[in-house]
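S.K.: could you look at this predicted model? Sequence included:
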Amino acid sequence: MSILDQYPQMQDRKLPAWLDDETESNDDLVSAARKALAESLRRLDPESALPSLVDLRLSGQGIDGSIPAEMTSLVKRFQSEIEAAMSISSVERGDAVIELAGVSPGSVVLHMKPHIAGPAADHLFPAIELDVFDEAVGRVMAIHDSFEFLGAHEAEDVRATQGARDALSHAPAKLLDAVQGMVSELNSFNVDIEVSTLTSRGPHRSSRLTSVGRQSAVQFFNQLESSTEMEIEGRIQGMSLDGWVEVLVPHGNRRVIDVPEELISGGSLHFGQHVVIKVQATKAPRTKTVYTFKSLISHA
């Protein structure tokens, strides 16, 4: 249906030209207005762009127009996802910083916008790497969509979901870590999230991460990470009061973290000492195995 058909209460009002249109559209009123504004501005200045807007719609049991204060931590989780989808230089420049611009009732919609870093030069709007921000948000939304697709099609032939699995397996590890943090937070509150964006150039996009997608994400991350107990035997060749020791083993070195400070400062461990240490070895794709101290079995 046309935009005007979506809002029958406006039928008898004087309407701007961009709204008095019979064209089929999936846009809502705000999205359509921004598109029209962006197109008008580009006629004046081809390089101009509107600051992006991002809406986070939270829905779930107990959400009815308001959310508890602790649930706003999801905004920080979302910013962490954006940062993980950007280069380090973009993050350091401040391109990932978002601001809470308002809250609407209903399911609860948090209206976000990128922080504007400085004044414009020759264009109509303040300077910001809008394409960098839009692309990063798009990468985050694509990961959310992949998990949602896997969850919705898990009963089908594996070939039907292979594209989504391939996309996830090739996603940057830091982005997957950030999304895992978001999934964990959503699960702790038992809420779903829908991300809707109005990009700097006008188009509207949306993605969802419901309980179905979150469940597939948990399964994915459980398969991604393996953890086993093992023993490391060798001679200590390095240590720090920060809580790690480095053990020389036949095929290289093993750094053990979370070693109790009293073992290091109290003299129980020293350079050149032969030790056997029980550790928890955690391995994830494209990352080094992390060895976490469990107990000191022997030292001589």
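M.R.: Great, that's in hand.
S.K.: next SSE downstream of the top strand by length along the chain?
M.R.: Looking across the chain with DSSP state E, the single longest strand is strand 226-240. Going down the chain from strand 226-240, the next helix or strand is strand 244-249, by DSSP states H and E.
S.K.: from the chain's centre, how far out does that next one sit?
M.R.: Centroid separation for strand 244-249 versus its chain: 34 Å, with C-alpha atoms, centre = their mean, to the nearest Å.
S.K.: and what of stretch 82-101?
M.R.: 11 Å.
S.K.: how much space separates the residue most central in space within the chain from Arg93?
M.R.: Centroid-nearest residue in the chain, with C-alpha atoms, centre = their mean: Glu81, separated by 2.4 Å. Glu81 sits 18 Å away from Arg93, going by C-beta to C-beta, to the nearest Å. Every C-beta, even on glycine, is put in place using the N, C-alpha and C of the backbone.
S.K.: just the strands in the stretch 201-300 of the chain please.
M.R.: Here the stretch 201-300 of the chain has its strands, by DSSP state E, counting those that start in this stretch, at 204-209, 226-240, 244-249, 252-257, 274-283, 290-299.
S.K.: in TSV: those, plus mean pLDDT and mean neighbour count.
M.R.: Output for these, formatted as TSV (pLDDT from 0 to 100; neighbours: other C-beta atoms under 10 Å):
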stretch	mean pLDDT	mean neighbour count
strand 204-209	87	19
strand 226-240	90	14
strand 244-249	94	18
strand 252-257	92	16
strand 274-283	91	17
strand 290-299	91	15
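S.K.: dump those to TSV, plus distance to Asp64.
M.R.: Shown next, in TSV, are those (distance: least, C-beta to C-beta, whole Å):
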stretch	distance to Asp64
strand 204-209	19
strand 226-240	40
strand 244-249	48
strand 252-257	44
strand 274-283	40
strand 290-299	42
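S.K.: backbone dihedrals for the residue lying closest to Ile236 once chain neighbours are set aside, please?
M.R.: Distances taken as C-beta to C-beta, 6 or more residues apart in numbering place Gln273 nearest to Ile236, at 5.0 Å, with adjacent residues excluded. Gln273 adopts backbone torsions of phi -80, psi 140, taken as degrees, to the nearest 10.
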